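>>> the following comprises the amino acid sequence and a computationally predicted model.
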Amino acid sequence: MTDLGLAWRIRSSALITWLVFSGCTLALADQLQGQVVKVSDGDTVTVLDEQRQQHVIRLAGIDAPEKSQPHGQKSKAFLSQAVFGRHVTVQFDKRDRYGRIVGQVVVQGEDANLQQLQAGWAWHYKQYQREQTPQDRADYAEAEIQARDKNLGLWQGQPPPEPPWAYRARLKSERETARDPTSQHAVSLE
């Protein structure tokens, strides 16, 4: 067999493997349709399905400021304007540790998760980017870069805001320190 023939066979095998894997991934994906009846913050909504069941949805691939953080209310308002009261399709294949569906919210063919990034009201949540398709991973990363470069949304001020994952970790650490009376840094409750 020639080197060219061997290379062709290797590429063909790789392509077939990729197609089979992609097909399996798509087969495992679920879809939910309904109306958005609540927007909790810039990355969490509640969808009412046709059976009148509510589903809490955590927007996949992004992390928005917490409501108590700077820009948290503006991030929530932007998402509300895009999805509240609208019929959406949620594409998902997992739930988080709180039981929320983690998915991509689509409104009239538009990815609401990506729109949050494009407007500068969320971060691309790189900790979970391996769960995204290669195309979504690239699109989300580029959308955050473009929003930063254009000083949109939460990127308007200097210095950049504290990312929500760091904010949550800091609050958790502060709560644990306050509860531990043996800690050198414990806060006096008197």
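Perfect, thanks for sending it.
>>> show me where this structure has helices.
Residue ranges of the helices in the chain, as given by DSSP state H, are 3-28, 72-83, 112-118, 134-149, 164-179.
>>> run a quick neighbour tally on the residue nearest to residue 170 when sequence neighbours are not counted.
The shortest distance from residue 170 to any non-neighbouring residue, by CB to CB, 6 or more residues apart in numbering, is to residue 162 (7.6 Å). The way it works is simple: take the backbone N, C-alpha and C, and place the C-beta from them, glycine included. The number of residues packed near residue 162 is 14, by other CB atoms under 10 Å.
>>> need the phi and psi values for residue 162.
phi -70, psi 130 (degrees, to the nearest 10).
>>> repeat that for residue 84.
According to degrees, to the nearest 10, residue 84 has phi -60, psi 130.
>>> contact partners for it?
Neighbour list for residue 84: 36, 38, 39 [criterion: CB atoms under 8 Å, 6 or more residues apart in numbering].
>>> test my guess that the last one contacts residue 76.
Yes: using CB atoms under 8 Å as the test, residue 39 is close enough to residue 76 to be in contact (5.9 Å).
>>> coming back round to it: CSV for the contacts of residue 84, including pLDDT?
Putting those into CSV (pLDDT from 0 to 100) gives the following:
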residue, pLDDT
36, 98
38, 98
39, 98
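>>> quick one, which of those are buried?
Using 16 or more other CB atoms under 10 Å as the burial test, the contacts of residue 84 include 36, 39 as buried.
>>> can I get the contacts of residue 84 in a markdown table with distance to residue 84?
As requested, the contacts of residue 84 are exported to a markdown table (distance: CB to CB, whole Å):
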| residue | distance to residue 84 |
| --- | --- |
| 36 | 5 |
| 38 | 8 |
| 39 | 5 |
